[in-house]
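Engineer: Dropping a prediction and its sequence here:
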Amino acid sequence: MSGVGPVRRASLLARIIYVVFAAVMPRLVRWISRRGGPEAMPGVLTKLGRRTNTVARLQRLRPFFGIRFTRESAAGVPVEVVRRKDCDAPLSDGVILYFHGGGFFTGGLDTHLHVVATLARRTRLPVIHVDYQQFPEVTVDGSVADCVTTYRWLLDQGADPAKTVIAGDSAGGFLTFATALAAQQDGLPSPAGVIGISALLELDGAARSIHPNMATDAFGIADALPDLVDQVCPSLPMRHELSPINGRLETMPPALMIAAESEILRCDNERLHAALLTHNRSSRLELWASQVHAFPALFPFLSESRAAFEMMTRFVADRLADADRPDETRREVS
């Protein structure tokens, strides 16, 4: 069923985290983004990205029981194949392609280990985690190109597009939808479905600038995005061309979008959801009260995060089941 689900209530722990973030993060983000002025921004992003990735390597110290990780090269793009140890099924039986978040300047195979491990454990499918290039090595178009390359490689490895779901959080959510659109433009078959967690969906911030959530985003993203986009995608025509909201949505596969009720990227998700429905595409938007941006990826221990992962698991199962149904009986997003 397509539509917007009711706003889901928050637990006490989630509300406490939200209050702390709202008190600290916007001020911290503003301070970081204004250090040294615009001229210093490339250096600030590069240093912050490297430090974040260095700290994230500590995740490798924790045991991931029942999960195995294998590094490969997807036509030159580093990827990690994440599977349950009891999962030996071929890629043709079903697979998830995951793009991590990080604002196009940070994040990698270490930062989102728990996300891909959770998806692999819950869905019982292999998850291909992609280490796409980011700023300062490339601008956003280079990141999209790497993601399309990995999707093409995955199909060449025997993955069935009708049983392949692409997912990502934040900037990775942008890449999820952009990859689905760009792949079809390149003549590749459409994936079975797409999942965006607090997805950034347009690089032009005009709509966000007048959204009520400009004043309620607990992460400070509303204030940081314009300066960030100036660095990672300085070309105005490219911003318009790459943004999924401006793509040919009449061929978009079924979509599931999850966002915090008060975050600024709710604007992007609502706009794309409405546009997909206008094009008679299957889309489901789920909003969660008193949560921060990309909460399932940041705080997997929350009961709301576990519920969000269960929702994603059902979505993936439905998409794979759809592949075995005749066209006329295929289900919409539920």
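Structural biologist: Good, I have the coordinates.

Engineer: Please read off the pLDDT at the spatially closest residue to P254 that is not a sequence neighbour from the model.
Structural biologist: Nearest non-adjacent residue to P254, counting by CB to CB, 6 or more residues apart in numbering: S282, 3.9 Å away. (Glycine included, C-beta is placed from N, CA and C.) What the model reports as pLDDT for S282 is 96.

Engineer: show me where the stretch 51-200 of the chain has strands.
Structural biologist: Assigned by DSSP state E, counting those that start in this stretch, the strands in the stretch 51-200 of the chain fall at 67-74, 77-84, 95-99, 127-130, 164-169, 193-197.

Engineer: Dump the ones you listed into TSV; add distance to F21 and mean pLDDT as well.
Structural biologist: Converted to TSV, the strands of the stretch 51-200 of the chain look like this (distance: least, CB to CB, whole Å; pLDDT from 0 to 100):
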stretch	distance to F21	mean pLDDT
strand 67-74	29	97
strand 77-84	28	98
strand 95-99	24	98
strand 127-130	26	98
strand 164-169	16	98
strand 193-197	17	98
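
Engineer: would you turn those strands into JSON lines with distance to T46?
Structural biologist: Conversion of the strands of the stretch 51-200 of the chain to JSON lines gives the following (distance: least, CB to CB, whole Å):
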{"stretch": "strand 67-74", "distance to T46": "24"}
{"stretch": "strand 77-84", "distance to T46": "19"}
{"stretch": "strand 95-99", "distance to T46": "20"}
{"stretch": "strand 127-130", "distance to T46": "21"}
{"stretch": "strand 164-169", "distance to T46": "22"}
{"stretch": "strand 193-197", "distance to T46": "25"}
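
Engineer: Include distance to H114 and mean neighbour count when you put these into TSV, please.
Structural biologist: Shown next, in TSV, are the strands of the stretch 51-200 of the chain (distance: least, CB to CB, whole Å; neighbours: other CB atoms under 10 Å):
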stretch	distance to H114	mean neighbour count
strand 67-74	10	14
strand 77-84	11	21
strand 95-99	12	27
strand 127-130	11	27
strand 164-169	12	29
strand 193-197	13	29
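
Engineer: what comes up buried for the one helix or strand D318 maps to?
Structural biologist: Here D318 sits within helix 303-323, counting by DSSP states H and E. Buried residues in helix 303-323, counted by 16 or more other CB atoms under 10 Å: 304-305, 308-309, 311-313, 315-320, 322.
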